[in-house]
Structure formats: structure tokens, C-alpha cells
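**Student:** please work out how this folds:
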Amino acid sequence: QVQLDESGGGLVQAGGSLRLSCAASGRTFSSYAMGWFRQAPGKEREFVAATTWRGGRTYAADVADSVKGRFSISRDNTQTATLQMNSLKPEDTAVYYCAFGPLVRTSNEVDYWGQGTQVTVSS
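**Tutor:** As a prediction, the model looks like this:
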């Protein structure tokens, strides 16, 4: 069993920045992926960004086209993933969910979800 502890989020004006963190605990993994999805009201949950960990180092990091150039993802050796969100837009408003699993590029590749944290961007 894996527990995901999310932090960050909140209210920010357009053009501002926020940082989300997600700490995974319960087990130690040598190969896995962590990332973020988001879901806006009335819309489906969509992929935002993910990083894959293999053999003790970051193997790959991907971000969705809709946030490329504004969002970035990183992780440290304590199984914590951080999503840095810059130049936020009102359309980035959503509940952001931390995800953990083998690939975490689609919802089918997620084994565990965080509880979700609200990000609201005002215009």
C-alpha cells in the first residue's frame, strides 16, 4: 500500500506561480512513476505531468502540451514529486491529483491517487 501526501495549491492571480508537492510513503520502490492529473468542473481528468524513476535516477519527465513551457516536474531521493506551475492561467483552475504507478501517463497506468488539492487562478 502506498500513501500519497499532497501539499500546496490555493488561490493565485493569473500570471502567478504555485508549487504542488506529493510525498509517497509506505513502500520503497526502485522503479516507478509519479505525476499529476487535474480535473476541472464538468470535464474529464487529464494528464498534466509525470516523472519516471528507474535504477535510482530520473529516467523520463513529461508534461502535457497544454502546460508545456509553464509547468515542470521534478522529484528528489525521498520519493517526493514537485510540480512547479508558472504563468498560471484561469483555465488551469482545477483539482490537481497526485498519481503513483508504473507509468502515470494515462489514468489506466495509475495505481494510487492522492486526495486532490484545489488550484484556482483568478483573472
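
**Student:** next, count neighbours for the spatially closest residue to V48 that is not a sequence neighbour.
**Tutor:** Excluding its sequence neighbours, the residue lying closest to V48 (C-beta to C-beta, 6 or more residues apart in numbering) is W36, at 4.3 Å. C-betas here are computed from N, CA, C, even on glycine. Applying other C-beta atoms under 10 Å, we find 28 other residues in the vicinity of W36.

**Student:** so who does W36 touch?
**Tutor:** With contacts taken as C-beta atoms under 8 Å, 6 or more residues apart in numbering, W36 has the following neighbours: L20, C22, V48, A49, A50, I73, A81, L83, Y96, Y97, C98, A99.

**Student:** the same query, at a cut-off of 7 Å, please.
**Tutor:** W36 makes contact with L20, V48, A49, L83, Y96, Y97, C98, A99 under the criterion C-beta atoms under 7 Å, 6 or more residues apart in numbering.

**Student:** out of these, which end up buried?
**Tutor:** With neighbours counted using 16 or more other C-beta atoms under 10 Å, those contain these buried positions: L20, V48, A49, L83, Y96, Y97, C98, A99.

**Student:** so which elements touch the lowest-mean-pLDDT helix or strand in the chain?
**Tutor:** The helix or strand of the chain with the lowest confidence, counting by mean pLDDT, DSSP states H and E, is strand 57-63 at a mean of 83. Packed against strand 57-63, as judged by 3 or more C-beta pairs under 7 Å, 6 or more residues apart in numbering; DSSP states H and E, are the following elements: strand 46-54, strand 71-75.

**Student:** now do the longest one against strand 57-63, angle only.
**Tutor:** Meaning strand 46-54. For strand 46-54 against strand 57-63, the angle between stretch directions is 170 degrees (axes from the mean of the first three to the mean of the last three C-alpha atoms, to 10 degrees).
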